[in-house]
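Enquirer: What follows is a predicted structure for the sequence shown.
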Amino acid sequence: HIPQGPVCTNLGLKPGQRLTVKGKIAPNAKSFMMNLGKDATLLGLHFNPRFDAHGDVNTIVCNSKKAEEWGAEHRETVFPFQKGGTAEITFGVNQNDVTVHLPGHQFTFPNRLNLSVFDYFDTQGDFTLQSLSWE
């Protein structure tokens, strides 16, 4: 059973805006997830840092989901997260992709679903959300 954190709807994030997420990672964390999209069935970005899950160790796996259909997984090997530590992640929405800003690293993930607005955000797994801000 994956713990479900808060769910946000009606965020209204458009290109040029960014969402900053801060929180605490569980001391015995296996993985956590953040989903950004139109709603729970249309996810433009599924962001999943894995400490040790599904055969991945210290890897960030990103994907998109349309209804029940997942896209191709994208892996980042830079892993700036610590078990029991805090995390601050900023998602910058652009016209054609989302820029993920991590401590000391950033990468982009394409907007495969061509979402013009990101209304939905949730967190799941071994992560406790402390603050959420957007500009």
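Expert: Everything's here; your move.
Enquirer: Give me the neighbour count for residue 72.
Expert: By other Cβ atoms under 10 Å, the residues close to residue 72 number 8. Where you see a C-beta, it was placed from the backbone N, CA and C, and this is true even at glycine.
Enquirer: In contact with it: list those residues for me.
Expert: By Cβ atoms under 8 Å, 6 or more residues apart in numbering, the residues touching residue 72 are residue 63.
Enquirer: go on, residue 77?
Expert: Contacts of residue 77 by Cβ under 8 Å, 6+ apart are 58, 59, 60.
Enquirer: ok, residue 103 touching residue 88?
Expert: Yes - in terms of Cβ atoms under 8 Å, residue 103 counts as a neighbour of residue 88; the distance is 6.9 Å.
Enquirer: Residue 75 pairs with what?
Expert: For residue 75, the beta-bridge partners are residue 61 (DSSP bridges).
Enquirer: what's the pLDDT at residue 97?
Expert: Per-residue confidence (pLDDT) for residue 97: 97.
Enquirer: What is the burial count for the nearest residue to it once chain neighbours are set aside?
Expert: Nearest residue to residue 97 in three dimensions, chain neighbours excluded: residue 108, at 4.4 Å (Cβ to Cβ, 6 or more residues apart in numbering). Number of residues near residue 108 (other Cβ under 10 Å) recorded here: 14.
Enquirer: State the helix or strand in which residue 108 lies.
Expert: Under the criterion of DSSP states H and E, residue 108 resides in strand 105-110.
Enquirer: got the contacts of residue 77 as JSON lines, with neighbour count columns?
Expert: Shown next, in JSON lines, are the contacts of residue 77 (neighbours: other Cβ atoms under 10 Å):
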{"residue": "58", "neighbour count": "13"}
{"residue": "59", "neighbour count": "20"}
{"residue": "60", "neighbour count": "22"}
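Enquirer: Using JSON lines, lay out those together with distance to residue 51.
Expert: Below are these laid out as JSON lines (distance: Cβ to Cβ, whole Å):
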{"residue": "58", "distance to residue 51": "6"}
{"residue": "59", "distance to residue 51": "9"}
{"residue": "60", "distance to residue 51": "11"}
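Enquirer: Looking at these, which one is closest to residue 79?
Expert: residue 58 (4.2 Å; Cβ to Cβ).
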